[in-house]
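1. build me a model from this:
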Amino acid sequence: MQNILFEGSIKGLYISRIVRDFEYTMSDVHIHYNDYEVYYLLEGERRYFIGTKIYHLKQGSLVFIRRNVIHKTALSREAHHDRILLEISHSYLESVFAATDELSLPEYFRDDCIVLSLDSSEQEFVKGLLLETGRELKAKDCGFRLLVQSLVAELFVFAKRWENKANSAASSRTDDPRHRQIEQIACYIADNCCSPLSLSSIAEHFYMNKCYLSRIFKEVTGFTVTGYLHARRIQKARTLLVQGSMNISEISEAAGYENLTYFERVFRKHTGMSPLEYRKVHIKNARGRRISGDIF
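-> Numbering: from 1, shown residues only. Predicted structure coming up:
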């Protein structure tokens, strides 16, 4: 059973709270090219694959994910979980950070993610901030946008202060040797995704049976090996489409695709548009501002 307790949005910001009591795993490749994600687990346990690393989330885990980072949640031990999710656009969060010179987005998101394991009092504090954000977005009373912006700012400042006093992500990393092995494989795919990789060649590199590799990678990350490889390649292609002057055929080859037609088909599946359409839309949006590796 899935129960949506609340959801609300304004331009640049979306929040929802969902309780699930079934074995839920995200079905698709999940990556926000312009949005940052905040994930707070109120109850239950989840396994979270972010970039190339695996985290074991428990009640009170608070996660901040940089944009353009592949991520996916999956079943851990029990099916029941209650979570609040925030999706915040780059422009919205930039405006929040612009209120002071103390924080900047590149400094804040030095890594793919920030993972905090909160104690009981901290859990209540963060829960209060997020529930109040949901209430303001639902009621939309006078001044609600300003209040929501201040709540978002308070959440991010809290996380930065917490992170500065502890090695936050370390306490959420799993100690399962299989997970460490899958992380090594994910790093290898990420580093070599533009080479002619295949399930067989990856399995051979790690001296593994390819059927076993396929099964365990899917079980741990929620991705198939091929699905993760495509996600990494399309991620690279999107960067090249916006940042460079290469033509589509050259980008296809640079991203690891020998067949242009196949590249265009996979790209459309991931983005909903052709490579040429994507380039036109995003170059238009990018005019007049500097493009950095953190953006795409």
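2. roughly how far does residue 221 sit from residue 97?
-> 31 Å (C-beta to C-beta, to the nearest Å). Placement of C-beta: from N, CA and C, glycine included.
3. which of these two has more neighbours?
-> When neighbours are counted by other C-beta atoms under 10 Å, residue 221 and residue 97 differ, and residue 221 comes out ahead with 26 against 18.
4. name the element the spatially closest residue to that one that is not a sequence neighbour belongs to?
-> Once flanking residues are discounted, residue 221 sits nearest to residue 49: 4.3 Å by C-beta to C-beta, 6 or more residues apart in numbering. Residue 49 is part of strand 46-50, with elements assigned from DSSP states H and E.
5. C-alpha coordinates for that strand, PDB please?
-> Extracted C-alpha coordinates of strand 46-50, given in PDB (Å, rounded to 0.1, in the frame of the first residue of the first chain):
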ATOM      1  CA  ARG A  46      16.300   1.900   2.900                       C
ATOM      2  CA  ARG A  47      19.400   1.100   0.800                       C
ATOM      3  CA  TYR A  48      20.400   4.200  -1.300                       C
ATOM      4  CA  PHE A  49      22.800   3.900  -4.300                       C
ATOM      5  CA  ILE A  50      24.200   7.400  -5.000                       C
END
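6. list the contacts of the residue nearest to residue 221.
-> 55, 70, 71, 72, 73, 74, 186, 220, 221, 222, 223 (C-beta atoms under 8 Å, 6 or more residues apart in numbering).
7. closest to residue 7 among the residues you listed?
-> residue 73 (17.3 Å; C-beta to C-beta).
8. tally of neighbours for residue 131?
-> Count around residue 131 with other C-beta under 10 Å applied: 17.
9. distance of residue 103 from residue 157?
-> Separation of residue 103 from residue 157 (C-beta to C-beta) stands at 8 Å.
10. could you do residue 123 as well?
-> 17 Å.
11. so which of these two has more stuff around it?
-> Neighbour count, other C-beta under 10 Å: between residue 123 and residue 157, residue 123 has more, with 18 against 14.
12. residues touching the more buried one, list them.
-> Applying C-beta under 8 Å, 6+ apart, the residues near residue 123 are 42, 59, 60.
13. which strand or helix spans it?
-> Per DSSP H and E: helix 120-139 holds residue 123.
14. I'd like the next helix or strand past that helix.
-> helix 144-164.
15. so what touches stretch 253-264?
-> Taking C-beta under 8 Å, 6+ apart as the rule, stretch 253-264 contacts 193-197, 229, 233-234, 236-237, 240, 246, 248-249, 252, 266, 274-275.
16. and the residues you listed, which are buried?
-> Those of the contacts of stretch 253-264 that meet the buried threshold are 193-194, 197, 229, 233-234, 236-237, 240, 248, 252, 266, 275, by 16 or more other C-beta atoms under 10 Å.
17. out of those residues, what pair is the most spread apart?
-> Largest separation among the buried ones among the contacts of stretch 253-264 by C-beta to C-beta: 197 and 248, giving 21.4 Å.
18. quick check: bridge partners of the closest residue to residue 137 other than its chain neighbours?
-> Counting by C-beta to C-beta, 6+ apart, residue 137 lies nearest to residue 8, which is 3.2 Å off, once chain neighbours are set aside. Counting by DSSP bridges, residue 8 is bridged to residue 15.
19. thinking residue 8 is in contact with residue 131, fair?
-> No: in this structure, residue 8 is not within contact of residue 131 by C-beta atoms under 8 Å, at 11.6 Å.
20. out of the buried ones among the contacts of stretch 253-264, which is nearest to residue 23?
-> Nearest to residue 23, judged by C-beta to C-beta, of the buried ones among the contacts of stretch 253-264 is residue 229 at 25.5 Å.
21. assign the closest one to helix, strand or coil.
-> What DSSP: H, G, I helix; E, B strand; the rest coil gives for residue 229 is helix.
22. next one: the one 5 residues further on
-> Reduced to three states with three-state DSSP, the structure at residue 234 is helix.
23. report back the residue of this protein that's furthest from centre.
-> residue 142 (32.8 Å; C-alpha atoms, centre = their mean).
24. tell me where the stretch 1-150 of the chain has strands.
-> For the stretch 1-150 of the chain, the strands defined by DSSP state E, counting those that start in this stretch cover 2-10, 13-20, 35-44, 46-50, 53-57, 61-65, 71-75, 81-89, 113-117.
25. which of the ones you listed sits closest to residue 146?
-> That would be strand 2-10 among the strands of the stretch 1-150 of the chain, by C-beta to C-beta, at 11.4 Å.
26. what comes up buried for the closest one?
-> Neighbour-count burial for strand 2-10 flags residue 8 (criterion: 16+ other C-beta under 10 Å).
27. great, nothing more from me.
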